[in-house]
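Visitor: Here is my input; please provide its structure:
(chains A and B)
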There are 2 protein chains.
Amino acid sequence: MGNIIQIPKPVYILSSATVVGQHEKKGPLGEYFDIVGDADDTFGCDTWEKSESEMQRLALSRALNYAVKKDSDLEAILAGDLLNQCAGSCYGLVNFDTPFLGLFGACSTAAEALLLSSLLCSSHMNRCAAVSSSHNASAERQFRYPLEYGGQRAPTAQWTVTGSGAFILSNKKEDFVNTSYNGSPVPVISDVCIGKSIDAGITDANNMGAAMAPAAADTLLRYFKESSSQPRDFDIIMTGDLGFEGSRILCDLTAAEGLDISAVHCDGGLIIYDRIGQDKHAGGSGCGCSAVVLAAQVLRGIRTGQVANILFIGTGALMNPTAIQQGASIPGIAHLVHISSDIL
Amino acid sequence: MGNIIQIPKPVYILSSATVVGQHEKKGPLGEYFDIVGDADDTFGCDTWEKSESEMQRLALSRALNYAVKKDSDLEAILAGDLLNQCAGSCYGLVNFDTPFLGLFGACSTAAEALLLSSLLCSSHMNRCAAVSSSHNASAERQFRYPLEYGGQRAPTAQWTVTGSGAFILSNKKEDFVNTSYNGSPVPVISDVCIGKSIDAGITDANNMGAAMAPAAADTLLRYFKESSSQPRDFDIIMTGDLGFEGSRILCDLTAAEGLDISAVHCDGGLIIYDRIGQDKHAGGSGCGCSAVVLAAQVLRGIRTGQVANILFIGTGALMNPTAIQQGASIPGIAHLVHISSDIL
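Guide: Residues are numbered from 1 along each chain as shown, chains lettered A, B, ... in the order given. Prediction:
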């Protein structure tokens, strides 16, 4: 079998919901997020880890609300995050009465969850949920230093997004009938391509974009080699989250192989913050970044008819601080989900 | 839809391979493991984390060898472990030229990987691999204390198994023809049941069995409520890994609901070590434990014709040390895989 897996039966993204913090609210997509936290991004919790879990709970609750469904209408939740042992998902989603499958794909988790959910919904289930999150404060202190330390950041460093995105997938077109999406174009997943781990030898933990770009290039090159389509057939090829350095490297790597994606490429990490006004160095990152940008920008674009055919490539750096301290390089991975527009 | 997902097309466990350390070699199943590490369990590496990654590499390589297949014959590897950010899998499997899907299910990961692999192989793929691991030294220093500290262990504490198991799944019966399994009964996955996270309020990180048993009970009760079978229809109902306390709690919880599994129940954590001679307190645990016991005991039993119908319920404690320090309780999860015997 090849690299592209066709989804044999249409799987719709029935609803999506986003939860973000203050920095994200102040960014260019601020008005399109569904739930924004309080002034200090605690979401009413007394630790940052609990805040992140609360964000996942809020995101999935809101997505269910938009889908006019209950947790018991789902046959599975697929979820992950960046915290050790995926604690954001494990604690955030424990009270939903739904079978649970934990995933780890670093910042590619939203794409991995959508990819697996679409495969499950096209054959073994009717509905499931894909959820991911990151919180700047919980990630910084776990991967680098507590924020209070005031560590200086490298120019190539990305800023971990405080965000959670939840998506309800369904193979039943009639599920849209009772929702506010009824009558609009709706997103449907038509095929996917699972990423391979690619280790390009990058050892700089402050330059994740460089570690992930080769994986994104590998997935895109495998996809277009096998597909009959061209980059110009897509309205957007969205990666998430390569940031500034990684995005340039990706375009260079694919161009060197004869695949020019520059006209339609955008990166979640680059559009979530104002690069001039909000100086976040190389852009946003984190499991929540691509999830909330996909929902608030790309899926909104499909629902409003602005775009109709997109590739979403979630990118992750499969490392941990211990491995970096031991001198290991950083493997990257990139999972691809092809989402197009369908009329009900 | 219900709790049990039927596998519409037979998915075979084409091969399995196990890698263990010295303690496991000295246990009751010692002679049935495929690869045993050197005297110090380093597997030739200079850090425990690299040792664990090397175990996954060895396990999958050997399983591919037994299956007479190459990495490029697989359409996906599904893998996970207990290290932060699943580094055992991410680093151990990076050099296989195969699409990679990272999972986190704590000690239920082997079951989660088999469950998802069987769903994928029955519809979207022909072959994939399920891999998991744990290493006593990497787990102890990450979750508790470095071994050199010599911390005293609670009587209810389990011993993290140094082990990795890899399974190759295929929907092609003819794949067996060139293997040494040809002519023997072979294991086939017929249905699965995804676990729900269950938080029974346990806060003692030295009693994971108590935290996981309610999840195992929930999965088994949902399974038998919907299935037409009875516990006596199975040769073995194997949980992994509840240990001594957890196993007793599980049997009590199910009996209280009218489901008596005691005659056929066994637990991977209880049979991997000699309870008297190897004093490991409440038994074994870790993502590697259920994987290596399933392969070395249960699947061997199917291949030799000793058993023909088993339920494998992987159990995991979805916690991390930070959450425990913050006073959180420990949710458990239990994924079920029904494996029976088929004649080629």
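Visitor: so which residue of the stretch 101-250 of chain A comes closest to chain B?
Guide: A:Ile194 (3.4 Å; CB to the nearest CB). For the C-beta atoms, the positions are set from N, CA and C on the backbone; glycine is no exception.
Visitor: which residues in the stretch 101-250 of chain A form strands?
Guide: A:127-134, A:159-160, A:163-170, A:185-193, A:236-240 (DSSP state E, counting those that start in this stretch).
Visitor: In TSV: those, plus mean neighbour count.
Guide: Listed next are the strands of the stretch 101-250 of chain A as TSV, based on neighbours: other CB atoms under 10 Å in any protein chain shown:
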stretch	mean neighbour count
strand A:127-134	31
strand A:159-160	26
strand A:163-170	32
strand A:185-193	22
strand A:236-240	28
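Visitor: Present these as a markdown table; the columns should include distance to A:Asp97 and mean pLDDT.
Guide: Shown next, in a markdown table, are the strands of the stretch 101-250 of chain A (distance: least, CB to CB, whole Å; pLDDT from 0 to 100):
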| stretch | distance to A:Asp97 | mean pLDDT |
| --- | --- | --- |
| strand A:127-134 | 12 | 98 |
| strand A:159-160 | 31 | 95 |
| strand A:163-170 | 15 | 98 |
| strand A:185-193 | 26 | 98 |
| strand A:236-240 | 30 | 97 |
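Visitor: Out of those strands, the one nearest A:Ala256 is which?
Guide: With CB to CB as the measure, strand A:236-240 is the member of those nearest A:Ala256 (16.8 Å).
Visitor: hmm, back to that, so what's the residue count around the residue of the stretch 101-250 of chain A closest to chain B?
Guide: Residue neighbour count, defined by other CB atoms under 10 Å in any protein chain shown, stands at 30 for A:Ile194.
Visitor: With adjacent residues omitted, what lies nearest to it?
Guide: B:Pro99 (3.4 Å; CB to CB, 6 or more residues apart in numbering or on different chains).
Visitor: so the one you found bridges to which residues?
Guide: A:Lys196 (DSSP bridges).
Visitor: what sits against it?
Guide: For B:Pro99, the contact set (CB atoms under 8 Å, 6 or more residues apart in numbering or on different chains) comprises A:Asn3, A:Cys193, A:Ile194, A:Gly195, A:Lys196, B:Glu75, B:Ala76, B:Ile77.
Visitor: With A:Gly284 instead?
Guide: A:Gly284 makes contact with A:Glu24, A:Gln158, A:Trp159, A:Thr160, A:Val161, A:Asp241, A:Gly243, A:Gly268, A:Gly269, A:Leu270, A:Ile272, A:Tyr273 under the criterion CB under 8 Å, 6+ apart.
Visitor: What of A:Asp46?
Guide: No contacts exist for A:Asp46 under CB under 8 Å, 6+ apart.
Visitor: Relative to A:Val94, how far out is it?
Guide: According to CB to CB, to the nearest Å, A:Asp46 stands 18 Å off from A:Val94.
Visitor: the helices in chain A, which residues?
Guide: Under the criterion DSSP state H, chain A contains helices at A:22-25, A:48-67, A:87-92, A:109-121, A:136-143, A:208-226, A:243-256, A:268-271, A:287-293, A:300-303, A:321-325.
Visitor: What is the last one packed up against?
Guide: By that I understand helix A:321-325. Applying 3 or more CB pairs under 8 Å, 6 or more residues apart in numbering or on different chains; DSSP states H and E, one finds that helix A:321-325 contacts helix B:87-92.
Visitor: quick one: terminal-to-terminal distance for stretch A:13-27?
Guide: 25 Å (CA to CA, to the nearest Å).
Visitor: roughly how far is that stretch from the heart of the chain?
Guide: Taking the mean of its C-alpha atoms, stretch A:13-27 sits 12 Å from the chain's own mean (CA atoms, centre = their mean, to the nearest Å).
Visitor: And that stretch, what's buried?
Guide: A:13-24, A:27 (16 or more other CB atoms under 10 Å in any protein chain shown).
Visitor: Tell me the one of these nearest chain B?
Guide: A:Leu14 (15.9 Å).
Visitor: my read: that closest one touches A:Ile168, true?
Guide: Yes: using CB atoms under 8 Å, A:Leu14 is in contact with A:Ile168, at 4.5 Å.
Visitor: what do those two both touch?
Guide: Contacts common to A:Leu14 and A:Ile168, judged by CB under 8 Å, 6+ apart, are A:Ala67, A:Lys69, A:Arg127.
Visitor: what's the straight distance from one end of stretch A:81-94 to the other?
Guide: By CA to CA, one end of stretch A:81-94 lies 14 Å from the other end.
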